[in-house]
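Trainee: need a 3D model of the following:
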Amino acid sequence: MAGETVVTVVGNLTDDPELRLTASGDAVAHFTVASTPRTFDRQSNEWRDAETLFLRCSVWRQEAEHVAESLTRGTRVIVQGRLRQRTYETREGERRTVVELEADEIGPSLRFAGATIVKPPHTGAPAGSRPAAGDPFTPPDGGERPVPAASGHQAPQEETDPF
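Mentor: Model (predicted):
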């Protein structure tokens, strides 16, 4: 949507994501990302940590389930989403305002670690339905694509001009 504030945050999860279901049955996962900017001080020849930003995040539906299954406390993540401001009243009657990140995309950072991607079976279509016409990723029979056997020759590579 136009006018929304989209941000990307890189940091570490402060705890395991907490998965809950809403009254309507939608899954939502909440987690906090701690991001500490570092700068190099040339005079002292050492790295300096700035103040840590703790940003509360939420992610919805199937992505929430993936986050809760895949990510744990301490995992370095990249989160992109929209900032949301919310006002609420405490039990004592005080009004408070918080800024949270509603995540559109989240994944592990591969800067200091590796990851194995596991794609779950597609659950968007009812069982027995046919894939959408022209879907390049699903075979016409709806089954798995065969993995080509390793062979001794390679496909020709396109030549590109480096300049």
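Trainee: hey, let's count contacts and neighbours off CA atoms from now on
Mentor: Fine.
Trainee: quick one, helices of the chain?
Mentor: Along the chain, counting by DSSP state H, helices occupy 61-70.
Trainee: what separation is there between the residue nearest the centre of it and Phe31?
Mentor: Centroid check for the chain by CA atoms, centre = their mean gives Ile106 as the closest residue, at 0.8 Å. If you measure Ile106 against Phe31 using CA to CA, to the nearest Å, the figure is 11 Å.
Trainee: now do Ala2
Mentor: Ala2 is 26 Å from Phe31, where distance means CA to CA.
Trainee: the more surrounded of the two?
Mentor: Phe31 (22 against 4; other CA atoms under 10 Å).
Trainee: right, and that one touches Leu19 too?
Mentor: No. Using CA atoms under 8 Å, Phe31 is not in contact with Leu19; the gap is 9.1 Å.
Trainee: residues in contact with Val59?
Mentor: Val59 makes contact with Val28, Ala29, His30, Glu102, Ala103, Asp104 under the criterion CA atoms under 8 Å, 6 or more residues apart in numbering.
Trainee: helices or strands up against the helix or strand of the chain with the lowest mean pLDDT?
Mentor: None of the helices or strands of the chain scores lower by mean pLDDT, DSSP states H and E than strand 38-41, at a mean of 91. Other elements packing on strand 38-41 under the criterion 3 or more CA pairs under 8 Å, 6 or more residues apart in numbering; DSSP states H and E are strand 46-49.
Trainee: now the strand it packs on - C-alpha only, PDB.
Mentor: The C-alpha trace of strand 46-49 is given here as PDB (Å, rounded to 0.1, in the frame of the first residue of the first chain):
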ATOM      1  CA  GLU A  46      38.500  -1.200  17.600                       C
ATOM      2  CA  TRP A  47      34.800  -1.800  17.000                       C
ATOM      3  CA  ARG A  48      32.200   0.100  19.000                       C
ATOM      4  CA  ASP A  49      28.600  -1.100  19.600                       C
END
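Trainee: who touches that strand?
Mentor: Thr36, Pro37, Arg38, Thr39, Phe40, Asp41.
Trainee: sorry, back to before: now do the least confident helix or strand of the chain: everything it contacts.
Mentor: So strand 38-41 is in contact with Glu46, Trp47, Arg48, Asp49, Ala50, going by CA under 8 Å, 6+ apart.
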